[in-house]
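[1] sequence first, predicted model second:
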Amino acid sequence: MLQELGKKAKAASYELATLTTAAKNNALECIACELEHRQGDILVANAKDIDAGKENGLTDALLDRLLLTDARLAAIIADVRSVIALPDPVGAESEGKVLENGLRLSKRRIPLGVMGVIYEARPNVTIDIAALSLKTGNAAILRGGKETVHSNVVLVDVIQAALEKAQLPKDAIQVIADPNRELVTALLKMDKYVDMIIPRGGPGLHRLCQEQSTIPVITGGMGICHAFVDASANVEDALAIIENAKVQRPSACNALDTVLVHKTIADTFLPLLAERLAQNNVELRAEPKAHIALSNVNAKNLHVATADCFDQEWLALVLGVKVVSDVEEAIVHIREHSTEHSDAILTDNLTNATRFLNAVNSAAVYVNASTRFTDGSQFGLGAEVAVSTQKLHARGPMGLEELTTYKWIAIGDGLIRP
Ligand SMILES: NC(=O)C1=CN([C@@H]2O[C@H](COP(=O)(O)OP(=O)(O)OC[C@H]3O[C@@H](n4cnc5c(N)ncnc54)[C@H](OP(=O)(O)O)[C@@H]3O)[C@@H](O)[C@H]2O)C=CC1
Ligand SMILES: N[C@@H](CCC(=O)OP(=O)(O)O)C(=O)O
């Protein structure tokens, strides 16, 4: 079954690679219209996933990730239309030159081919990946989280119906509906048909891909994200940024996990932070110095940090807190504990901001802004296929450009190499 999926995806990818931008945009508009038209079916399927999720004891955060509503569907449709409005990177020529022998050379941007994407139980991701893949002339085989299988089957059915209306191969976007994990492992070996594997998920999934994949992998990895509050930070701004980064959507990979506070402001800043976060029921896990700074505060959610606290991606309303001597100690801590996803410095000191930007090598490094911005839509990329936490060939939110590669175009006139 999987081999058949791969074969069809490969065949579709050859056709997609030569489409005009207008044809691809037309297909995306058909998808937007079909999503509007089939809204009822989609919400019914999603309700089945939600009911099953509740029966299986999914947490509120995971149920929220799974849920579709009228408003969320409208936002998904708007995202498809924003991808239509973006420039198509495919076909762009660069580095054009004529060699002394007359050979005319240039680089032309082309699709990757077929992408295998394994991702969490979030139905909007299905549409995001499909839209970005189609706009870049790629085919995709999708394997979303098992909890979202009803939603994904209907969403891919909607996409395929729209592709047929647009007279494009429906196999451009296919779904693995069987939740058996052995199929994921089998997908990782389909190098004959699949050009790139993109796993969005936790360490178990990444280990599996590292050990089993015979196909290049771009990892959308977990985020252990930090904010360093420097001595010169604007207190009100710092409190608002930390609150946003921790509370606005704690289950996301770009949510904050650890706050590092400069020792000279620890006694004043930490009680204010504890008070602010208590209003949002955030639990603090404080290392000894931070715990002392909080000792006079009636912090009902305060706990002593255990050894592994600073290597946790909480995905919940929990925050590690530590006092550091200066920006250098903050950088050392981040190098040791960060997953190189998103890290921030909150400061009014230009020298320290510059030092942090140069020394911290995460996919997104922020000055005086929330780590929650690491997102394709927020970065103006329309959507994202994943937030890459590796160095090759893409980093951070992967939009259209990151789903392409290039080939050299060489035009001669009967030229031979002497
Ligand atoms: N950087 C990024 O782009 C993103 C990162 N994340 C990260 O993902 C994690 C949370 O998502 P969560 O859903 O819990 O992630 P999981 O890793 O548990 O699941 C993600 C997907 O991988 C599959 N999977 C996981 N382990 C295996 C395995 N051993 N064999 C086969 N398939 C496997 C799951 O399948 P199944 O359905 O069977 O469980 C699911 O489809 C966090 O760490 C978060 O930071 C999340 C979104 C985006
Ligand atoms: N794109 C996201 C971040 C990645 C994401 O979807 O995370 P998750 O909540 O783990 O599925 C956002 O910030 O909106």
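    Now that the structure is in, tell me what you want to look at. Ligands and ions are numbered 1, 2, ... in the order given.
[2] the residue nearest to G96 when sequence neighbours are not counted and ligand 1, how far apart?
    Distances taken as CB to CB, 6 or more residues apart in numbering place S106 nearest to G96, at 4.0 Å, with adjacent residues excluded. (Glycine included, C-beta is placed from N, CA and C.) According to CB to the nearest ligand atom, to the nearest Å, S106 stands 33 Å off from ligand 1.
[3] ok, A177 touching N152?
    Yes. Contact status for A177 versus N152: in contact at 7.2 Å, counting by CB atoms under 8 Å.
[4] the helices in the stretch 1-150 of the chain, which residues?
    2-17, 21-37, 39-55, 60-66, 70-85, 123-135, 149-165 (DSSP state H, counting those that start in this stretch).
[5] among those, which is nearest A410?
    For the helices of the stretch 1-150 of the chain, the distance to A410 is smallest for helix 2-17, at 18.9 Å, taking CB to CB.
[6] and the closest one with helix 21-37, angle?
    120 degrees (axes from the mean of the first three to the mean of the last three CA atoms, to 10 degrees).
[7] what mean pLDDT does helix 2-17 get?
    Mean pLDDT, helix 2-17: 97.
[8] mind saving the C-alpha coords of that helix as PDB?
    Taking C-alpha atoms only, helix 2-17 is exported to PDB below (Å, rounded to 0.1, in the frame of the first residue of the first chain):
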ATOM      1  CA  LEU A   2       2.800   2.400   1.000                       C
ATOM      2  CA  GLN A   3       4.800   1.600  -2.100                       C
ATOM      3  CA  GLU A   4       1.800   2.400  -4.200                       C
ATOM      4  CA  LEU A   5       1.400   5.700  -2.400                       C
ATOM      5  CA  GLY A   6       5.000   6.500  -3.100                       C
ATOM      6  CA  LYS A   7       4.800   5.600  -6.700                       C
ATOM      7  CA  LYS A   8       1.800   7.800  -7.300                       C
ATOM      8  CA  ALA A   9       3.400  10.700  -5.400                       C
ATOM      9  CA  LYS A  10       6.500  10.500  -7.500                       C
ATOM     10  CA  ALA A  11       4.500  10.500 -10.700                       C
ATOM     11  CA  ALA A  12       2.400  13.500  -9.500                       C
ATOM     12  CA  SER A  13       5.600  15.400  -8.500                       C
ATOM     13  CA  TYR A  14       6.900  15.300 -12.100                       C
ATOM     14  CA  GLU A  15       3.700  17.000 -13.300                       C
ATOM     15  CA  LEU A  16       3.700  19.500 -10.400                       C
ATOM     16  CA  ALA A  17       7.300  20.500 -11.100                       C
END
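[9] which residues are contacting that helix?
    With CB atoms under 8 Å, 6 or more residues apart in numbering as the contact definition, helix 2-17 has outside contacts at 24, 90, 110-111, 113-114, 134, 137-141, 168-172, 174, 176, 183, 186-187, 190, 192-194.
[10] most tightly packed of the helices of the stretch 1-150 of the chain?
    helix 123-135 (a mean of 26; mean count of other CB atoms under 10 Å).
[11] tell me how far it is from the chain's mean position?
    12 Å (CA atoms, centre = their mean, to the nearest Å).
[12] now swap in stretch 79-98 and tell me
    That offset, for stretch 79-98, works out to 21 Å (CA atoms, centre = their mean).
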